[in-house]
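**Q** I would like the atomic coordinates for the input below:
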Amino acid sequence: MRVMVVGGGGREHAIAWKLSMSPGVQKIYVAPGNGGTELIGQNIDLDVTEVVPLADLARRLDVGLVVVGPELPLALGIVDELRQLGVPAFGPTRMAAQIEASKAFAKDLMRRHGIPTAPFEIVTHMSEVPAALTRLGLPCVIKADGLAGGKGTFIVREEAEALRVAEDLLEKRVLGDAGKALVVEQFLTGVEVSFQVLTDGFHVLPLATSQDYKRAFDDDQGPNTGGMGAYSPSVYMTPELHQRIMNEIVKPTLRALDQEGRTFLGVLYAGLMLTREGPRVLEFNCRFGDPETQVVLPRMEADFLEVLDAAVRGELDRVQVRWTREACVCVVLASQGYPGRYEKGKVITGLADAQTLPGVFVFHAGTRRVVAEEGEQWLTHGGRVFNVCALGETLRQARERAYAAVQRISFEGMFYRHDIALKAVELLERRSARPEGP
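**A** Sure thing, here's the model as predicted:
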């Protein structure tokens, strides 16, 4: 089977890498791809927003399955276009993808169907903001309604700060149309976890649990990013909590979408806060998490093509997936200035050396490969440049392997977080050091 992966980041490199291990995959196309995906398949120079040309190309190339990585083409209806042309696609339709494309829609859906989330209000004019702040209290969270590349969520602690953020989004439109409506919600405290499931709309297959890190710098400081690292499995997930999330959040959400004519096929990603009252939904995504995918797929013991194909056929209940007991840690190497402005074209060294270490996988997120007479050279071509991942028998070993690989890679302006999975390792070791009960 010929397969096309839509997207160009580390998530898409990981998806293509996992698919390349499937005996049934004849050829992999990646649109637009990056330097790393070029080594696995054929890159296609089409932007993810060009949904009609992408769908038409998939038909002409006789692609048997399209796997869509980013949320933007899903929100633009690429799956609808593919289905019209008879091309099988793994991902939700435009209407189902609204669960990520519009935070206001998602919150209203949860309110209508009793799915646990933080109290909230939706505002579209500055005059509505003060009353919403009064009713919800401070601190609170202000979210741009539309897609903002991970940059649309603001935790505000004072009224003046809240009004300034609201003005920037609603009136100055610093995030464009993404800020034409805002969700103002009560601030929740607890532990954040990522919970992803594959679904054909009716059957559900949970993925391995994971934890990601959104802030740019150590100790969760700095601006929000698309993700600076992750690990799997989550140290906070218990079998009881897992079942509760499935029963109270995942299954009711899929039923709700189906009842409203938005049957969801693809990856439903719930960003959750584990509060004292139980799990609460912070957000829904309509696709594989990034960089969560990069720590989940290396732990998957299954033919990835068979799993995705079963989902597209509505037969997800016929496949089983096992997960290695090994842990996986991912550290993102980013360009100076990310998530703001950054420079491209910096020479990368040490990549081949890093990949010789045991258990290490390096997924490219923003690179360009140049082949000249003097040999192969790698250049930076994005804000997030690499996802340096490693498997280990313990979370500590996986973490140590990942950071050992990080030390071998270098480019001008490179930065990364030093604390990915650190607290999780410490928590696990404190648990194991506790004396046995009587």
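**Q** just the strands in the stretch 1-150 of the chain please.
**A** For the stretch 1-150 of the chain, the strands defined by DSSP state E, counting those that start in this stretch occupy 2-7, 27-32, 42-43, 65-68, 89-90, 120-123, 140-144.
**Q** figure out which of the ones you listed is closest to R384.
**A** Ranking these by distance to R384, with C-beta to C-beta as the measure, places strand 2-7 first at 12.8 Å. To be clear about C-beta, it is placed using only N, CA and C from the backbone, and glycine gets the same treatment.
**Q** distance from the chain centre to that closest one, please.
**A** In terms of C-alpha atoms, centre = their mean, to the nearest Å, the gap separating the centre of strand 2-7 from the centre of its chain is 17 Å.
**Q** report how many residues lie close to V235.
**A** 19 (other C-beta atoms under 10 Å).
**Q** which residue packs closest to it, ignoring adjacent ones?
**A** Nearest residue to V235 in three dimensions, chain neighbours excluded: A424, at 4.5 Å (C-beta to C-beta, 6 or more residues apart in numbering).
**Q** how close does G9 get to L163?
**A** G9 sits 35 Å away from L163, taking C-beta to C-beta, to the nearest Å as the criterion.
**Q** show me which of those two is the more surrounded one.
**A** For G9 versus L163, neighbours defined as other C-beta under 10 Å are more numerous around G9 (29 against 16).
**Q** sorry, back to before: which residues sit in contact with the residue nearest to V235?
**A** A424 makes contact with Q211, Y231, S234, V235, L395 under the criterion C-beta atoms under 8 Å, 6 or more residues apart in numbering.
**Q** ditto for Q355
**A** In this structure, Q355 makes contact with F361, V362, A405, judged by C-beta under 8 Å, 6+ apart.
**Q** secondary structure element for the first one, which one?
**A** Using DSSP states H and E, F361 sits within strand 360-364.
**Q** before we move on, the earlier item: hang on, the residue nearest to V235 in a strand?
**A** No: counting by DSSP: H, G, I helix; E, B strand; the rest coil, one finds A424 to be helix, located in no strand.
**Q** for the residue positioned nearest the centre of the chain, helix, strand, or coil?
**A** Residue closest to the mean C-alpha point of the chain, counted by C-alpha atoms, centre = their mean, is G289 at 1.8 Å. Three-state secondary structure (criterion: three-state DSSP) places G289 in coil.
**Q** enumerate every residue touching it.
**A** Applying C-beta under 8 Å, 6+ apart, the residues contacting G289 are R11, S194, Q196, S210, D212, G227, A230, Y269.
**Q** got it, and G10?
**A** Contacts of G10 by C-beta under 8 Å, 6+ apart are D290, P291, Q294, V332, F363, H364, A365, R384, F386, N387.
**Q** helices of the stretch 1-150 of the chain, residue ranges please.
**A** In order along the chain, the stretch 1-150 of the chain carries the following helices (DSSP state H, counting those that start in this stretch): 10-19, 51-60, 71-75, 78-84, 98-101, 103-113, 129-136.
**Q** over to the stretch 201-350 of the chain?
**A** Applying DSSP H, counting those that start in this stretch to the stretch 201-350 of the chain gives helices spanning 239-245, 251-259, 292-296, 304-312.
**Q** domain parsing for this protein?
**A** Each domain of the chain is listed here as a residue range: 2-91, 119-186, 191-323, 327-433, per automatic domain parsing.
**Q** for these, give me TSV that also has distance to F105 and mean pLDDT.
**A** TSV is the format used below for those (distance: least, C-beta to C-beta, whole Å; pLDDT from 0 to 100):
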stretch	distance to F105	mean pLDDT
domain 2-91	11	97
domain 119-186	8	94
domain 191-323	10	96
domain 327-433	25	96
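**Q** what's the host helix or strand of E400 in contact with?
**A** Element membership for E400, per DSSP H and E: helix 395-406. For helix 395-406, the external contacting residues (C-beta under 8 Å, 6+ apart) are 231, 235, 326-331, 333, 354-355, 357-360, 362, 388-392, 416, 418, 420-422, 424-425, 428-429.
**Q** which among these count as buried?
**A** Of all these considered here, the ones buried according to neighbour count by 16 or more other C-beta atoms under 10 Å are 231, 235, 326-331, 333, 354, 357, 359-360, 362, 388-392, 416, 420-422, 424-425, 428.
**Q** report the beta-bridge partner residues of A89.
**A** Beta-bridge partners of A89, counted by DSSP bridges, are V66.
**Q** what is the neighbour count of it?
**A** A count of nearby residues for A89, using other C-beta under 10 Å, gives 27.
**Q** what does the one 5 residues further on give?
**A** A total of 18 residues lie near R94 under the criterion other C-beta under 10 Å.
**Q** my guess is it contacts R83. True?
**A** No: R94 lies out of contact with R83 (C-beta atoms under 8 Å); the separation is 10.7 Å.
**Q** now stretch 28-41 - C-alpha only, CSV.
**A** Listed in CSV are the C-alpha atoms of stretch 28-41, where the atom choice follows Å, rounded to 0.1, in the frame of the first residue of the first chain:
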residue,chain,number,x,y,z
ILE,A,28,5.6,6.7,1.9
TYR,A,29,4.9,10.2,0.8
VAL,A,30,5.2,13.1,3.3
ALA,A,31,3.7,16.5,2.5
PRO,A,32,5.6,18.7,3.0
GLY,A,33,7.9,16.6,5.2
ASN,A,34,11.4,17.7,6.5
GLY,A,35,15.0,16.6,6.2
GLY,A,36,14.4,13.5,8.3
THR,A,37,11.3,12.2,6.5
GLU,A,38,13.3,12.6,3.2
LEU,A,39,15.3,9.6,4.4
ILE,A,40,12.2,7.4,4.9
GLY,A,41,10.0,8.4,1.9
